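Trainee: Predicted model follows, preceded by the sequence.
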Protein chains: 2
Amino acid sequence: MFKKQQLTKTECSQSMQAIKDALQVLSGKWKLPIILALSDGPLRFKELQRAVNNITPKILSKELKELELNEFVERTVHATSPVTVEYNLTPYSGTLEKLIAELQSWGLQHRQYIFSKSKMRKAVEA
Amino acid sequence: MFKKQQLTKTECSQSMQAIKDALQVLSGKWKLPIILALSDGPLRFKELQRAVNNITPKILSKELKELELNEFVERTVHATSPVTVEYNLTPYSGTLEKLIAELQSWGLQHRQYIFSKSKMRKAVEA
DNA sequence: GATACTGCTATCCTTCCGGATACTGCTACC
DNA sequence: GGTAGCAGTATCCGGAAGGATAGCAGTATC
């Protein structure tokens, strides 16, 4: 495993960095829920707050800034009065789809694997 | 995005859970490095500690327990004196390979994407 | 004029992750 | 007997993530 290509130290730490980058953009309690909420269409700040289980505005604001930096969401200000702000997913956020699907399918099979193992163990103990 | 199949609330939260499961087994500062270190062959506790950038024994012990629970590593005690303990990857840990590859390639392209964006911005400003 | 809505920011507080340091019981070597 | 190695455990600590609460400027509503 992980040995198919012999990597130099530099290459190895670079690919470690890439993995950590990827994990980081999805980690935390809120990023996925926010992305999911926006996947049904654009939402305004308060709408988003309500959509995502009443996340506090401070956290939501912070998360949105990070998602903006990573170019997953776009912030557009409408000059209505009072101003309304809309958040929506960028096309680039679509590149996450394959990754998320992979995480999802692995997570699912893992849960089943661990579950069946623990059932086996209980059967043996009984 | 994420809309191809209409999901019920239950299905949706189940797949969220799967994604979170997957993220969790790889998150944290040490799990990947430990797996990588073990991918070259089994190691004993102290060897592992030295291999992974002098992780403290407490953390190493904790991480190993988690990896054991997830069936990624196997702990074997040899009845030498004093006892020696060997850790090695299970075959099951191989199922991570595809996921890790996906994370790695996405992370790499993302870094390049963000980098090229920021270069563009600087060019415009100049 | 009071209240309520908007999109936030500020302040304080708790909880958790990881780290430093020290220590255990055991054996082997000098 | 003293020192060093092994596989950990125990104790204390700092920083970051996240949460609760309050507040701001601006506008619309009653």
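Mentor: Noted; the coordinates are in hand. Numbering: from 1, shown residues only, chains lettered A, B, ... in the order given.
Trainee: interface residues of chain A facing DNA strand D?
Mentor: Contacts of chain A with DNA strand D, taken as Cβ under 7 Å from any atom of the strand, map to A:Gly28, A:Lys29, A:Trp30, A:Ile55, A:Thr56, A:Pro57, A:Lys58, A:Ile59, A:Ser81, A:Pro82. C-beta here means a position set from N, CA and C on the backbone, and glycine is covered the same way.
Trainee: Return the subset of those residues lying in strands.
Mentor: Among those, the subset assigned to strands under DSSP state E is empty.
Trainee: any chance of these in TSV, plus pLDDT?
Mentor: Listed next are the residues of chain A next to DNA strand D as TSV, based on pLDDT from 0 to 100:
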residue	pLDDT
A:Gly28	92
A:Lys29	94
A:Trp30	96
A:Ile55	95
A:Thr56	96
A:Pro57	96
A:Lys58	96
A:Ile59	97
A:Ser81	78
A:Pro82	84
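Trainee: For PyMOL, what selects the buried ones among these?
Mentor: For the buried members of these, the matching PyMOL selection, counting by 16 or more other Cβ atoms under 10 Å in any protein chain shown, is:
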select buried, chain A and resi 28+30+55
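Trainee: Among the residues of chain A next to DNA strand D, which lie within helices?
Mentor: By the criterion of DSSP state H, membership of those in helices covers A:Pro57, A:Lys58, A:Ile59.
Trainee: just curious, which of the residues you listed is nearest to A:Val77?
Mentor: Closest approach to A:Val77 among those (Cβ to Cβ): A:Pro57, at 16.9 Å.
Trainee: Can you tell me the closest non-neighbouring residue to the closest one?
Mentor: Distances taken as Cβ to Cβ, 6 or more residues apart in numbering or on different chains place A:Gln49 nearest to A:Pro57, at 6.3 Å, with adjacent residues excluded.
Trainee: shouldn't the one you found be in contact with A:Ile55?
Mentor: Yes: judged on Cβ atoms under 8 Å, A:Gln49 makes contact with A:Ile55 at a distance of 5.9 Å.
Trainee: how about the residues of chain A that lie near DNA strand C?
Mentor: Residues of chain A lying near DNA strand C (Cβ under 7 Å from any atom of the strand): A:44-47, A:56-58, A:61, A:75, A:82-85.
Trainee: Swap in 6 Å and give it another go.
Mentor: A:Arg44, A:Phe45, A:Lys46, A:Pro57, A:Lys58, A:Ser61, A:Pro82, A:Thr84, A:Val85 (Cβ under 6 Å from any atom of the strand).
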